[in-house]
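J.: I would like to see how this sequence folds:
(chains A and B)
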Number of protein chains: 2
Amino acid sequence: MTTTATITKQFISTAQLLEHWQGHRNLTRRVIEMFPEKDLFEFSVGGMRPFAKLAVELISIAGPALKGIVESQIEEFSEEAFQPKTKEEILSKWDEETEVINHYFNQISEDRFQETFNLFGQYEFPVYQNILYFIDNELHHRGQGFTYLRALGIEPPFFWERF
Amino acid sequence: MTTTATITKQFISTAQLLEHWQGHRNLTRRVIEMFPEKDLFEFSVGGMRPFAKLAVELISIAGPALKGIVESQIEEFSEEAFQPKTKEEILSKWDEETEVINHYFNQISEDRFQETFNLFGQYEFPVYQNILYFIDNELHHRGQGFTYLRALGIEPPFFWERF
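T.: Numbering: from 1, shown residues only, chains lettered A, B, ... in the order given. Sure thing, here's the model as predicted:
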């Protein structure tokens, strides 16, 4: 638990954080779109996963994790539920998850962000740290995605373009 | 300016954000360290900048930008001031900037994070957005760095290891 002293001065509100996150998700969506269909599922650098796999990971984290937090349900992490074969499937699932994220995020109270939660039965951290981790993980993998695009000779979108 | 309504519910405090940022900076430092000296300055994928250049960019943003925000001084962005020739120079400058960041960040008041500032005379956004941009930009480039390491056959550090 965090002491009162450390949570006194606000850096960012929950609404601002959600907007920030969805802006990033919008950019990641644009990166998925830019991959040629075949390369999305097959191309990689240095033995890493293709970008489709990374996108499935991101899709398997955010919505399910927020649902778990809101419902205080600890379920193991799994990517098995979604096995897309096309870019279109990934994009349409991505858009569905946009709504799922909004729906559950908005049900988390201010106090709850400071409480610990055993995410996926594995990551016991304050909720705000878990959520920052989802965003960080997305940026991290998208950085890989940008590199894949460059290696393919494709100019990635502007990093600062969000909505 | 953000309305009061949007800043009512706190997601994260300023102290928590600073700790989060410095944790990321620590991981980025580890990535710099892992590059062989020569590859740090020369290796890249798809025509992108070598990781030394990306590290210089990060060093040229955070501290100078925070100083500008605190002193309400608008100076143009420049990477000219720091032209390291060795990994050791980069790492020692990195550590200096750790203190610079702590020093200036702690002087920013809660209200100020919500005020707009014309960063480097170019990016007119609320201060919290500017600061999130520094962190995002670092994660983005570090994602590239991880990919470079993998392409070099080097296992990157664990993403979740911070301090």
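
J.: quick one: buried residues of the helix or strand where A:Glu89 lies?
T.: Under the criterion of DSSP states H and E, A:Glu89 resides in helix A:87-105. The neighbour-count check on helix A:87-105 (16 or more other C-beta atoms under 10 Å in any protein chain shown) flags A:Lys87, A:Ile90, A:Lys93, A:Trp94, A:Glu97, A:Thr98, A:Ile101, A:Tyr104, A:Phe105 as buried. Heads up, the C-betas are built off the backbone N, CA and C, glycines and all.

J.: my guess is the third one meets A:Pro84, correct?
T.: Yes - under the criterion of C-beta atoms under 8 Å, A:Lys93 is in contact with A:Pro84, at a separation of 6.8 Å.

J.: hmm, back to that, mind listing residues that contact the helix holding A:Glu89?
T.: A:14, A:18, A:21-22, A:25, A:28-29, A:32-33, A:35, A:37, A:40, A:52, A:55-56, A:59, A:62-63, A:66-67, A:69-70, A:82, A:84, A:131 (C-beta atoms under 8 Å, 6 or more residues apart in numbering or on different chains).

J.: contacts with chain B among those residues, please.
T.: Among these, proximity to chain B is found for A:Thr14 (C-beta under 8 Å from any C-beta of the partner chain).

J.: list buried members of the contacts of helix A:87-105 by neighbour count.
T.: By 16+ other C-beta under 10 Å, the contacts of helix A:87-105 give A:14, A:18, A:21-22, A:25, A:28-29, A:32, A:35, A:40, A:52, A:55-56, A:59, A:62-63, A:66-67, A:69-70, A:84, A:131 as buried.

J.: which helices and strands does the longest helix belonging to chain A pack with?
T.: Ranked by residue count under DSSP state H, the longest helix found in chain A is helix A:127-151. Helix A:127-151 is packed against helix A:14-34, helix A:51-71, strand A:116-119, strand A:123-126, strand B:10-13, helix B:14-34, helix B:127-151, with contacts defined by 3 or more C-beta pairs under 8 Å, 6 or more residues apart in numbering or on different chains; DSSP states H and E.

J.: tilt between the last one and helix A:127-151?
T.: So the one you mean is helix B:127-151. 50 degrees (axes from the mean of the first three to the mean of the last three C-alpha atoms, to 10 degrees).

J.: residues near the residue in chain A that chain B sits nearest to, how many?
T.: Taking C-beta to the nearest C-beta, chain B has its nearest neighbour within chain A at A:Gly143, 2.0 Å off. Number of residues near A:Gly143 (other C-beta atoms under 10 Å in any protein chain shown) recorded here: 24.

J.: could you dump the helices and strands packed on helix A:127-151 to CSV with mean pLDDT?
T.: Formatted as CSV, the helices and strands packed on helix A:127-151 follow (pLDDT from 0 to 100):
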stretch, mean pLDDT
helix A:14-34, 97
helix A:51-71, 96
strand A:116-119, 92
strand A:123-126, 92
strand B:10-13, 95
helix B:14-34, 97
helix B:127-151, 96
